[in-house]
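J.: pasting the structure only:
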């Protein structure tokens, strides 16, 4: 038997808490990748919400069997046994994939269920598995207090900004809006936000992970909470410097074009 482990925590702090969010694989025999019951994957998340379900089919082979179990708001455990079925239980389709599941879970103050629906199934009112009794969500705040609506009030617009970077100053404009969220049977909540538009962008190197993102990229717009132009400018500078540190410096030609007024 072969044992493999993966820590799913990303930050340095979280990695020390590997036991709270991780997965492991138990592999049996030298041909575990295509033999029946050759591999078991166990993933756990502590603390987590509440989810219960059974998945039939799916995986690389389309022949897996999975079970999800939760102790509400404490632990969620996912167990998948690969190649359980001798043949694929369901033929692959673009709309539903090759798996079906029966599941329910609590998430974001709502209860969701799906009955014999592919975990990655497409959604359309025309599909039979999109009927409310096959998959649906009941949002408890909406039921108790009514559906929330958001209204936007423009307070100021066309505010000129100058965003200083090591190579020069970039021109931008800002607008300030008040957003108000209100439920029919609950109190209103408001927040002031500032949106910044940088017409020519503040450049940084592209991610370079795919053929379409190898060229230079840039920050062309962003938002911050509050009505503080100094904070808005500082946020833009910090964001671009972080991207340059992560992806690299842009070319001189891109910088020159962005700095033209």
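T.: Everything's here; your move. Values in this document were obtained by computation on a predicted structure and should not be read as measured data.

J.: what about the strands in the stretch 1-150 of the chain?
T.: Counting by DSSP state E, counting those that start in this stretch, the stretch 1-150 of the chain has strands at residues 2-7, 21-27, 39-45, 50-58, 62-71, 75-81, 99-107, 110-117, 135-139, 149-165.

J.: partner strands of the next helix or strand after the last one and their direction?
T.: Beyond strand 149-165 in the direction of the C-terminus, DSSP states H and E gives the next helix or strand as strand 168-182. Strand 168-182 sits in its sheet next to strand 149-165 (antiparallel), strand 189-204 (antiparallel), going by DSSP bridges.

J.: any low-confidence regions in the stretch 151-261 of the chain?
T.: For the stretch 151-261 of the chain, the stretches with pLDDT under 70 are 209-213, 261.

J.: if I pick the nearest residue to residue 114 once chain neighbours are set aside, what's in contact with it?
T.: Using Cβ to Cβ, 6 or more residues apart in numbering and skipping residues adjacent in sequence, the residue nearest residue 114 is residue 135, 4.1 Å away. Placement of C-beta: from N, CA and C, glycine included. Residue 135 is in contact with 112, 113, 114, 115, 117, 129, counting by Cβ atoms under 8 Å, 6 or more residues apart in numbering.

J.: quote the end-to-end distance of stretch 219-231.
T.: Start to finish, the residues bounding stretch 219-231 are 16 Å apart (Cα to Cα, to the nearest Å).

J.: residues of it that come out buried?
T.: For stretch 219-231, burial by neighbour count (16 or more other Cβ atoms under 10 Å) applies to 219, 222, 224, 227, 229.

J.: before we move on, what about stretch 175-186?
T.: Buried residues in stretch 175-186 (16+ other Cβ under 10 Å): 175, 176, 177, 183.
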